[in-house]
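Undergrad: starting from these lines, generate the structure:
(one chain, ligands or ions: 3)
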Amino acid sequence: MFSLNGTSFTNNSLSGVSRCLTQSSRRVSAPMVVVAAVSSNGKPGDGSVSVLVENALTESAAPVEMEVKSTVTGGVQDVYGEDSATEDQSITPWTLSVASGFSLLRNPHYNKGLAFSERERDAHYLRGLLPPVVISHDLQVKKMMNSIRKYDVPLQRYMAMMDLQEMNERLFYKLLIDNVEELLPIVYTPTVGEACQKYGSIFRRPQGLFISLKEKGKIHEVLKNWPEKKIQVIVVTDGERILGLGDLGCQGMGIPVGKLSLYTALGGIRPSACLPVTIDVGTNNENLLNDEFYIGLRQRRATGQEYAELLDEFMYAVKQNYGEKVLIQFEDFANHNAFDLLAKYGTSHLVFNDDIQGTASVVLAGLMAALNLVGGSLSEHTFLFLGAGEAGTGIAELIALEMSKQTGIPLEETRKKIWMVDSKGLIVKSRMEMLQHFKRPWAHDHEPVQELVNAVKSIKPTVLIGSSGAGRTFTKEVVQAMATFNEKPIIFALSNPTSQSECTAEEAYSWSEGRAIFASGSPFAPVEYNGKVYASGQANNAYIFPGFGLGLIISGAIRVHDDMLLVASEALAEQVSQENFEKGLIYPPFSNIRKISAHIAAKVAAKAYELGLATRLPQPKDLVAYAESCMYSPAYRSYR
Ligand SMILES: NC(=O)C1=CN([C@@H]2O[C@H](COP(=O)(O)OP(=O)(O)OC[C@H]3O[C@@H](n4cnc5c(N)ncnc54)[C@H](OP(=O)(O)O)[C@@H]3O)[C@@H](O)[C@H]2O)C=CC1
Ligand SMILES: CC(=O)C(=O)O
Ligand SMILES: [Mg+2]
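TA: Ligands and ions are numbered 1, 2, ... in the order given. Have a look, this model is predicted:
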């Protein structure tokens, strides 16, 4: 049934399998990887065994040599945890697992529910545990969508999705992939924001690792408690700036969980390679500190050395446990830590800050596409941001870099086309002394201006970008001002969730008399204005990070480089079709996202090879085809 280093197995005994695995060290050559074994009497080393195998090439975005999968099910005992005869003691010992009967139904990785075939029910001790009907994966999807749609409250839909993920992982991902436009607002913004706010009350089972100050000095061991060993992507937050909702402390866990489900559904990274992490150093949110259901440390945030030491221990433990090439995505850190963490670990780890870099790439892509509708080159436009934090200054820097590359004009000059307003007004030279370091490049010569609308009237931007986290700050006066000196004003309201959006789609179109090119961070339904329907795009980093991460993984990249962000923007902009433009759209539909992600991945990987940052050799000839072939598919495997 499967072959391991030259030895074939058919209904071999479990102990035989064990011996062979031991003798052949812990690594199995692709394409076959043991994923579970079933013994006839449920006891290891006794009776006949069938071994479930999967094809590593279609199953994973990992290099083809893979560690033997470690799963313990079967309700008998943890079968084999012993070290095998190999010199490489840094690798976690493999275990071979017994998955059958009731435990198989309780294992979300392997459970198929009513889709287990008659033969599988016989072979895997499922008789009587399921009702007689056998249904297809497609019918399961239809049934699940029917039940999810019955919930009127988005948070109930979110909880139904989380329950499904815990029950039947492949059904969860098929549902999400097949209904991405409908379900993205549930597992992601805006609903994930509400889920984080209420995470303490709705918490059922751990979906990721919680690393708090209590774990200081033990993080290496804590990482080993996670059941999966072959991790490729970690999304980590400390919960201090969750969307535009502020400090949600430990309850920010919903964000890494949500982002990683998109890594799988949108970018094809296999679920077992994804690890959500929340670093808990306390919270300054008084409501949470006083909430009896709060699940985090009940103390104010640790800062300074205490904070830095915990983060440092985490970063090095990750490298020690998962190697050089694990991608660590920083998510929703407050800006007073985010920029420093990125700078500090950017030279030693494969790190990516989604709020700074992913957002920059998605917005640049939208602008590149928008030029098809408004004309001119990037450097002929003038940009004004409301919000000069991670998102705002990250986007600004990438736009300035792209302008500089296109024109040969130095970066210091191209930055002068970009203006920023923060909570204290327009960022101008006279404020320089008081500005945080990331705002300083944007302090230009101008008299102080307090109000956004006055900044708009004075600077006359062609592009207005909201990255403030402050809802309804693009007032009627602001949008109307944009529409007086622009035939087609480009207006992005990036802040999440919907409640924090700088304006709604309806406001953007009606106040600009239908002339705005509008996109928002959280989705808005199409709007009717003067008898015409306007559909707006979603300028959200979810277009970028899944494909970007896939590109890093398939090339074995060891560092992230700004040029990779630029090619990711180009790849996304190229996916906007003529048909999309005719509808005023500057982003392609999410329904094509896996194809889009493969294109982004291919460009990012090609750039990694060009820059000498790729370690997976030789370089595949057709990187798009290779990226597609590496993507996880939620199709059920046959457990014969
Ligand atoms: N669409 C997408 O893909 C993404 C969207 N976002 C969204 O962007 C928002 C901001 O995120 P991020 O940049 O990380 O946050 P930061 O906290 O780093 O920055 C927020 C900025 O907005 C300014 N600001 C806050 N309130 C006002 C106000 N009323 N008027 C003017 N300026 C204001 C702050 O000013 P000051 O510095 O003076 O305090 C700060 O400069 C969030 O809502 C987030 O959800 C973020 C990443 C991706
Ligand atoms: C989308 C995202 O990353 C944010 O709003 O923070
Ligand atoms: Mg974020």
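
Undergrad: which SSE is whichever residue of the stretch 51-200 of the chain sits closest to ligand 1 in?
TA: At 7.5 Å from ligand 1, Thr189 is the closest residue in the stretch 51-200 of the chain, using Cβ to the nearest ligand atom. In short, each C-beta sits where N, CA and C put it, glycine included. Per DSSP states H and E, Thr189 falls between elements, in no helix or strand.

Undergrad: ok, it - contacts?
TA: Residues in contact with Thr189, defined by Cβ atoms under 8 Å, 6 or more residues apart in numbering, are Leu243, Asn496, Pro497, Thr498, Gly521, Ser522, Asn540.

Undergrad: restrict the residues you listed to contacts with ligand 2.
TA: When contact is defined as Cβ under 6 Å from any ligand atom, the contacts of Thr189 meet ligand 2 at Leu243, Asn496, Gly521, Asn540.

Undergrad: which pLDDT value goes with the third one?
TA: Which is Gly521. On pLDDT, Gly521 comes in at 98.

Undergrad: same deal with the last one?
TA: Reading off the per-residue confidence, Asn540 sits at a pLDDT of 98.

Undergrad: can you tell me which residues contact it?
TA: Contacts of Asn540 (Cβ under 8 Å, 6+ apart): Thr189, Val362, Leu494, Asn496, Gly521, Ser522.

Undergrad: for Ser520, see how far away it is.
TA: Going from Asn540 to Ser520 by Cβ to Cβ, to the nearest Å gives 8 Å.

Undergrad: next structured bit after the helix or strand of the chain with the lowest mean pLDDT?
TA: In the chain, the helix or strand scored least confidently by mean pLDDT, DSSP states H and E is strand 66-67, which has a mean of 32. Downstream of strand 66-67, the next assigned helix or strand under DSSP H and E is helix 101-106.

Undergrad: pull the contacting residues for the residue of the chain found nearest ligand 2.
TA: Nearest to ligand 2 in the chain, going by Cβ to the nearest ligand atom, is Asn496, at a distance of 3.7 Å. The contact partners of Asn496, by Cβ under 8 Å, 6+ apart, come to Thr189, Pro190, Gly193, Leu243, Gly244, Gly521, Ser522, Asn540.

Undergrad: now with 7 Å?
TA: Counting by Cβ atoms under 7 Å, 6 or more residues apart in numbering, Asn496 touches Thr189, Pro190, Gly193, Leu243, Gly244, Gly521, Ser522.

Undergrad: tell me the pLDDT at it?
TA: For Asn496, pLDDT reads 98.

Undergrad: how near is it to ligand 3?
TA: For Asn496, the distance to ligand 3 equals 8 Å [Cβ to the ion, to the nearest Å].

Undergrad: specify the local secondary structure of the closest residue to ligand 3 within the stretch 351-500 of the chain.
TA: Nearest to ligand 3, among the residues of the stretch 351-500 of the chain, is Asp355, at 4.4 Å (Cβ to the ion). Under DSSP: H, G, I helix; E, B strand; the rest coil, Asp355 falls in the helix class.

Undergrad: just checking, it touches Ala391?
TA: Yes. Applying Cβ atoms under 7 Å as the test, Asp355 and Ala391 come out as touching, 5.7 Å apart.

Undergrad: of these two, which one has the most company?
TA: Using other Cβ atoms under 10 Å as the criterion, Asp355 and Ala391 rank with Ala391 on top: 29 against 23.

Undergrad: just give me the neighbour total for the single nearest residue of the stretch 401-550 of the chain relative to ligand 1.
TA: Using Cβ to the nearest ligand atom, Gly521 is the residue of the stretch 401-550 of the chain that sits closest to ligand 1, at 2.9 Å. Gly521: 30 surrounding residues under other Cβ under 10 Å.

Undergrad: what ranges do the strands span in the stretch 201-350 of the chain?
TA: 209-212, 233-237, 274-280, 327-330, 350-353 (DSSP state E, counting those that start in this stretch).

Undergrad: check the stretch 401-550 of the chain too.
TA: 418-422, 425-426, 463-466, 490-493, 517-520, 527-529, 532-534, 537-538.

Undergrad: any chance of these in a markdown table, plus mean neighbour count and distance to Tyr294?
TA: Output for the strands of the stretch 401-550 of the chain, formatted as a markdown table (neighbours: other Cβ atoms under 10 Å; distance: least, Cβ to Cβ, whole Å):
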| stretch | mean neighbour count | distance to Tyr294 |
| --- | --- | --- |
| strand 418-422 | 24 | 31 |
| strand 425-426 | 20 | 36 |
| strand 463-466 | 28 | 31 |
| strand 490-493 | 29 | 31 |
| strand 517-520 | 26 | 31 |
| strand 527-529 | 15 | 39 |
| strand 532-534 | 14 | 42 |
| strand 537-538 | 26 | 31 |
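
Undergrad: among those strands, which is nearest Pro256?
TA: strand 537-538 (20.4 Å; Cβ to Cβ).

Undergrad: which residues of the protein lie near ligand 3?
TA: Glu331, Asp332, Asp355 (Cβ under 5 Å from the ion).

Undergrad: okay, now the domains of the protein?
TA: For the chain, the TED database gives the domain ranges 190-353, 358-539, 543-630.

Undergrad: coming back round to it: please report how far the residue of the stretch 351-500 of the chain closest to ligand 3 lies from Thr191.
TA: 19 Å.

Undergrad: related to what we said a few turns ago, which among the strands of the stretch 201-350 of the chain is found nearest to ligand 1?
TA: It's strand 350-353; of these, that one is closest to ligand 1 (Cβ to the nearest ligand atom) at 9.4 Å.

Undergrad: spell out whether the next helix or strand after that closest one and ligand 1 are in contact.
TA: Toward the C-terminal end, the helix or strand that comes next after strand 350-353 (DSSP H and E) is helix 359-374. Yes. Applying Cβ under 6 Å from any ligand atom, one finds helix 359-374 in contact with ligand 1 at Thr359, Val362.

Undergrad: check which helices and strands the helix or strand just after helix 359-374 sits against.
TA: Proceeding N to C from helix 359-374, the next assigned helix or strand is strand 383-386, under DSSP H and E. The contact analysis (3 or more Cβ pairs under 7 Å, 6 or more residues apart in numbering; DSSP states H and E) places strand 383-386 against helix 390-407, strand 418-422, helix 452-459, strand 463-466.

Undergrad: give the partner strands of the second one in its sheet and their orientations.
TA: So the one you mean is strand 418-422. Paired strands of strand 418-422, with direction, are strand 383-386 (parallel), strand 425-426 (antiparallel) (DSSP bridges).

Undergrad: what's in contact with stretch 580-589?
TA: Contacts for stretch 580-589 (Cβ under 7 Å, 6+ apart): 181, 366, 369-370, 372-373, 517, 519, 534-535, 537-539, 543, 575-577, 596.

Undergrad: mark which of those are buried, thanks.
TA: Using 16 or more other Cβ atoms under 10 Å as the burial test, these include 366, 369-370, 517, 519, 534, 537-539, 543, 575-576, 596 as buried.

Undergrad: make CSV out of the contacts of Asn540 and add distance to Glu610.
TA: Shown next, in CSV, are these (distance: Cβ to Cβ, whole Å):
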residue, distance to Glu610
Thr189, 34
Val362, 22
Leu494, 30
Asn496, 34
Gly521, 31
Ser522, 35
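
Undergrad: and the residues of the chain next to ligand 3 as TSV, adding pLDDT?
TA: What follows is the residues of the chain next to ligand 3, written out as TSV (pLDDT from 0 to 100):
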residue	pLDDT
Glu331	98
Asp332	98
Asp355	98
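
Undergrad: near ligand 2, from the residues you listed?
TA: Asp332, Asp355.

Undergrad: residues contacting the residue nearest the centre of the chain?
TA: The C-alpha lying nearest the average C-alpha coordinate of the chain belongs to Lys259 (Cα atoms, centre = their mean; 3.2 Å). Going by Cβ under 7 Å, 6+ apart, Lys259 touches Val235, Glu331.

Undergrad: kind regards, and thank you for your time.
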